[in-house]
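In: Structure here, sequence nowhere to be found:
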């Protein structure tokens, strides 16, 4: 675990907790009958801030080497009171109370992650089948049917770079794609990066690439992603479906 990253996250969470504490203090001293609108704003802000703190603490737990989402999320769901029951042929899902008004969708992860864990556990125990819950995020783009020639070429080059790094004695690393900053045409360099600097990290879309109204993208985003979707690959098909390659495993005595 990267100690510097851990300390920064803890400090950031501590700041959010102080802001949450201030919001609760404002609720405590507010004259509800006279300033109902302010009280509603204070309570909504406090609830959103509390959910955000819970999400970030949950992610902090994931950074620990001995904790996984599969183990922790069912416990979080039980603490939140999420449960599934069968009543008169119907399945009833009990969820914690949600705010009547929400200005931000940031807190949805507070509920969705534990809910997915409960649904996964219920299906596994109720029907006795192997199951895995997957949130709708990267799945829209991860199908081989949607791969561009850029995807395929870069995947092949990344594999070649990985083999080269291994032969050179590198270990504990992963292949990183570094976009060249010398203008056009588009190009990448494949460099080794310490895996500890990558695990459990995320690279977010810069806010400056999002339109002022928050509902559209700017040309900077288009310029970044356009080279990534260039070229169409010829997919092998059979009877209208992708003809995937399968590895045949042989066992010998």
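Out: Everything's here; your move. These numbers come from a predicted model, not from an experiment.
In: What segments of the stretch 51-200 of the chain are helices?
Out: For the stretch 51-200 of the chain, the helices defined by DSSP state H, counting those that start in this stretch occupy 69-80, 108-127, 149-167.
In: So what touches the shortest one?
Out: It refers to helix 69-80. For helix 69-80, contacts defined as CB atoms under 8 Å, 6 or more residues apart in numbering pick out 58, 61-62, 83, 96, 111, 113-118, 121. For glycine as for every other residue, the C-beta is placed from the backbone atoms N, C-alpha and C.
In: if we can go back for a sec, just flag whichever of the helices of the stretch 51-200 of the chain has the lowest average confidence.
Out: Note on the helices of the stretch 51-200 of the chain: helix 69-80 shows the lowest mean pLDDT, a mean of 76.
In: of all the helices of the stretch 51-200 of the chain, which lies closest to residue 224?
Out: With CB to CB, the closest approach to residue 224 among those belongs to helix 149-167: 12.8 Å.
In: helices or strands next to the closest one in the packing?
Out: For helix 149-167, the packing partners by 3 or more CB pairs under 8 Å, 6 or more residues apart in numbering; DSSP states H and E come out as strand 173-179, strand 188-194.
In: Residue 209 is nearest to which of the ones you listed?
Out: strand 173-179 (14.6 Å).
In: Parallel or antiparallel, which strands does that closest one pair with?
Out: strand 188-194 (antiparallel) (DSSP bridges).
In: Is residue 204 part of a helix or strand, or is it coil?
Out: State at residue 204, reduced to three classes by DSSP: H, G, I helix; E, B strand; the rest coil: coil.
In: That one: neighbour count?
Out: Using other CB atoms under 10 Å, residue 204 is surrounded by 5 other residues.
In: so how far is residue 210 from it?
Out: Relative to residue 210, residue 204 is positioned 11 Å away (CB to CB, to the nearest Å).
In: cool, residue 90 as well?
Out: Distance from residue 90 to residue 210, by CB to CB: 41 Å.
In: Counting neighbours, go ahead and name the busier of these two.
Out: Taking other CB under 10 Å, residue 90 and residue 210 do not tie; residue 210 has more neighbours (15 against 7).
In: who does that one bridge with?
Out: Here residue 210, judged by DSSP bridges, has bridge partners residue 217.
In: list the contacts for it?
Out: 216, 217, 218, 221.
In: What sits closest to residue 170 if chain neighbours are left out?
Out: residue 192 (5.2 Å; CB to CB, 6 or more residues apart in numbering).
In: tell me the contacts of the one you found?
Out: 165, 170, 173, 174, 175, 176 are the contacts of residue 192 under CB under 8 Å, 6+ apart.
In: switch the cut-off to 10 Å
Out: Taking CB atoms under 10 Å, 6 or more residues apart in numbering, we find residue 192 in contact with 161-162, 164-166, 168, 170-176.
In: what do you get for residue 188?
Out: Contacts for residue 188 (CB under 10 Å, 6+ apart) come out as 150, 153, 154, 157, 158, 161, 176, 177, 178, 179, 180, 227.
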